[in-house]
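> sequence and computational prediction follow.
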Amino acid sequence: MRRCLSILFCALLLSCSTDAHLRQPQTVEGQSADSRELQQIFERYFEAYLRLFPTFATSIGDHRFDDQFEVSISEEHLAKQRQLYLKSLGELADIATAKLEADDGLNYAVFKYSLTMRLEGLKFNRHLLPVR
């Protein structure tokens, strides 16, 4: 189940392109303001995620951060992760879910669940688990 959700979340992240010529227009006629704001939240999160995890950015072909390397188990990096997840959850709280289109309602729910699970995961020191 967790692996399935991770794959779904990665697909959501990968659907947000970092190349301007590949992006779909942000303002689609007939799209609600809340749906447009949700898309902007996704864009901001994805951009911040790429900065936070530059090796992931490189692995998907975004070479802006090739000169950087993260130590994802350091206290500083874990604090930055927590801050990103909390900030994104706070932005999501401002969205009126009743005004979202059907697809965006699902995207909202999956994104919120993923952020919540990532926050819960930060409570545990997974990097201290023994390797067999």
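Perfect, thanks for sending it. Numbers count the residues shown, from 1 in each chain.

> which parts of the host helix or strand of residue 42 are buried?
Counting by DSSP states H and E, the element that carries residue 42 is helix 33-52. Of all the residues in helix 33-52, those buried under the rule 16 or more other CB atoms under 10 Å are 34, 35, 37, 38, 39, 41, 42, 45, 46, 49, 50, 52. Every C-beta, even on glycine, is put in place using the N, C-alpha and C of the backbone.

> now stretch 86-102
Applying 16+ other CB under 10 Å to stretch 86-102 flags 88, 91, 92, 95, 100 as buried.

> any weak-confidence spans in this protein?
Scanning the chain for pLDDT under 70 picks out the ranges 1-30.

> okay, helices next: where are they in it?
In the chain, the helices defined using DSSP state H lie at 2-14, 33-52, 54-59, 75-93, 102-121.

> so what touches the shortest one?
Same thing as helix 54-59. With contact meaning CB atoms under 8 Å, 6 or more residues apart in numbering, helix 54-59 is reached by 18, 49, 50, 51, 63, 64, 65, 66, 68, 69, 70.

> excluding sequence neighbours, find me the nearest residue to the third one.
In this case it means residue 50. Excluding the flanking residues, the one nearest residue 50 by CB to CB, 6 or more residues apart in numbering is residue 57, at 4.1 Å.

> that neighbour: neighbour count?
21 (other CB atoms under 10 Å).

> any idea how far residue 67 is from it?
11 Å (CB to CB, to the nearest Å).

> now, which of the buried residues of stretch 86-102 sits nearest residue 126?
residue 88 (20.9 Å; CB to CB).

> which residues does that closest one contact?
41, 44, 45, 111, 115.

> tell me how many other residues crowd the nearest residue to residue 48 once chain neighbours are set aside.
Spatial nearest neighbour of residue 48, excluding adjacent residues (CB to CB, 6+ apart): residue 84 at 5.4 Å. By other CB under 10 Å, the residues close to residue 84 number 18.

> my guess is residue 84 meets residue 50, correct?
No: contact criterion CB atoms under 8 Å: residue 84 and residue 50 do not qualify, at 11.1 Å.
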